[in-house]
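>>> okay, predicted coordinates and the sequence, questions at the end:
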Amino acid sequence: MIFEFANPKRFMTLSGALLPWFAGAAIILLGVGLYLGLFVAPPDYQQGDTVRIMFIHVPAAWVAMMAYGLMALASLFSLVWRHPLADVAAKTAAPLGALFTTLALITGSLWGKPMWGTYWQWDGRLTSFLILLFLYLGYIALWNAIEDELRAGRAAAILALVGVVNLPIIKFSVDWWTTLHQGESIFRPDGPTISAVFIWPLFLMAFGYTALFMTLWMIRIRTEILERRARTLMLGH
Amino acid sequence: MGAFLHMGGYGVYIWPAYGASILGIGAAIILTLMAYRRAKARLAALEKPRA
């Protein structure tokens, strides 16, 4: 059944209908999230105003990891079923994933300086997140290095799947190496340890970042489908 | 306004973090839309029936 929807023509129709909703949701969620995060949330009693960096740091990190998971899933589909749309989906997710990973690293570094006294430390969470960036960059480099599209796609897909082991490492790094980065404070069995006044802007921004990622991802998939169609036409002439 | 920008002394960290995020995301939006327009125009030109 998934293959019926995964046909490029169907994807163009479906994504064309979904795009305005995702784009609209991204604008509203980010607008309200920024307002609550910058103007309504009070300074934290320990971290002061730096807590406002959380509203852009944590969503960027979540989306960076989600994008990798989606890219790996699409790579699996492309490897096992040789599905061309899955190949396009994986390829187009990578630059967006690399962007959100970079933003998570930059904002984290700017949060670390006033709170930990350093921009960078070879802590488990920070290091595994830097590896996530290298995985994205390696994936993009592989696509560019191999001329033949089919072979490039297969090699990149294998790299994406191997790199999946890094996701649980990122997730559990704060428990395995308690060197610097704080532990999980949202998805805990006993509930979040941060107050609602911070949770609200955080979740709105997280959903806003997700909607934004989905919007850009769909447009990039559409672009790649159009480019491949154009290339096929060129060959025909 | 001054107090808002000052952010209890942390403005020097908070605003670059927001600035980098807006810049990065803004660039991604512009590049994505430009590539999309270019691909659409290219395909339209190819699909035009030729004499």
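That came in fine, so what should we check first? Numbering: from 1, shown residues only, chains lettered A, B, ... in the order given.

>>> is the longest helix along chain A up against chain B anywhere?
Among the segments of chain A that qualify as a helix by DSSP state H, the longest is helix A:196-236. Yes: counting by C-beta under 8 Å from any C-beta of the partner chain, chain B is contacted by helix A:196-236 at A:212, A:216, A:219-220, A:222-224, A:226-227, A:229-230, A:233-234. Where C-beta positions appear, they are placed from N, C-alpha and C, glycine not excepted.

>>> least confident of these?
When those are compared by pLDDT, A:Met234 scores lowest at 85.

>>> so the closest residue to it other than its chain neighbours, which state does it fall into?
Nearest residue to A:Met234, sequence neighbours excluded (C-beta to C-beta, 6 or more residues apart in numbering or on different chains): B:Leu46, at 6.7 Å. Per DSSP: H, G, I helix; E, B strand; the rest coil, the local secondary structure of B:Leu46 is helix.

>>> verify the stated contact: B:Leu46 with A:Ala230.
Yes: if you go by C-beta atoms under 8 Å, B:Leu46 and A:Ala230 touch, sitting 5.4 Å apart.

>>> have a look at these two and say which one is more surrounded.
A:Ala230 (19 against 16; other C-beta atoms under 10 Å in any protein chain shown).

>>> pLDDT weak spots in chain B?
B:49-51 (pLDDT under 70).

>>> who in it is up against chain A?
So far as C-beta under 8 Å from any C-beta goes, chain B lies against chain A at B:7-11, B:13-14, B:16-18, B:20-21, B:24-25, B:28-29, B:32-33, B:35-36, B:39-40, B:42-43, B:46-47.

>>> which of those residues fall within helices?
Checked against DSSP H, these include these in helices: B:11, B:13-14, B:16-18, B:20-21, B:24-25, B:28-29, B:32-33, B:35-36, B:39-40, B:42-43, B:46-47.

>>> pull out the buried members of those residues.
The neighbour-count test (16 or more other C-beta atoms under 10 Å in any protein chain shown) marks B:13-14, B:17-18, B:20-21, B:24-25, B:28-29, B:32, B:35-36, B:39, B:42-43, B:46 as buried among these.

>>> for A:Tyr119, see how far away the residue most central in space within chain A is.
Residue closest to the average C-alpha location in chain A (C-alpha atoms, centre = their mean): A:Ala64, at 2.6 Å. Using C-beta to C-beta, to the nearest Å, we find A:Ala64 at a distance of 19 Å from A:Tyr119.

>>> what about A:Leu180, is that helix, strand or coil?
Per three-state DSSP, A:Leu180 ends up coil.

>>> that one and chain B: what is the separation?
17 Å (C-beta to the nearest C-beta, to the nearest Å).

>>> correct me, but that residue touches A:Trp122?
No: using C-beta under 8 Å, A:Leu180 is not in contact with A:Trp122; the gap is 9.1 Å.

>>> neighbour-wise, which of these two wins?
Counted by other C-beta under 10 Å, A:Leu180 and A:Trp122 do not tie: A:Leu180 has more neighbours, with 17 against 10.

>>> quick check, pLDDT for the more buried one.
pLDDT for A:Leu180: 82.

>>> need the contact list for it.
By C-beta atoms under 8 Å, 6 or more residues apart in numbering or on different chains, the contact set of A:Leu180 is A:Gly112, A:Trp116, A:Gln121, A:Asp123, A:Arg125, A:Leu126.

>>> next, give phi and psi for the residue lying closest to A:Leu159 once chain neighbours are set aside.
In space, A:Leu159 comes closest to A:Tyr139 once its chain neighbours are excluded; the distance is 5.5 Å by C-beta to C-beta, 6+ apart. With angles defined as degrees, to the nearest 10, A:Tyr139 sits at phi -60, psi -50.

>>> which residues touch A:Tyr139?
So A:Tyr139 contacts A:Met71, A:Ala94, A:Ala156, A:Leu159, A:Ala160, A:Gly163 (C-beta under 8 Å, 6+ apart).

>>> so which of the residues you listed comes closest to A:Leu130?
Nearest to A:Leu130 out of the contacts of A:Tyr139 is A:Gly163 (C-beta to C-beta; 13.0 Å).
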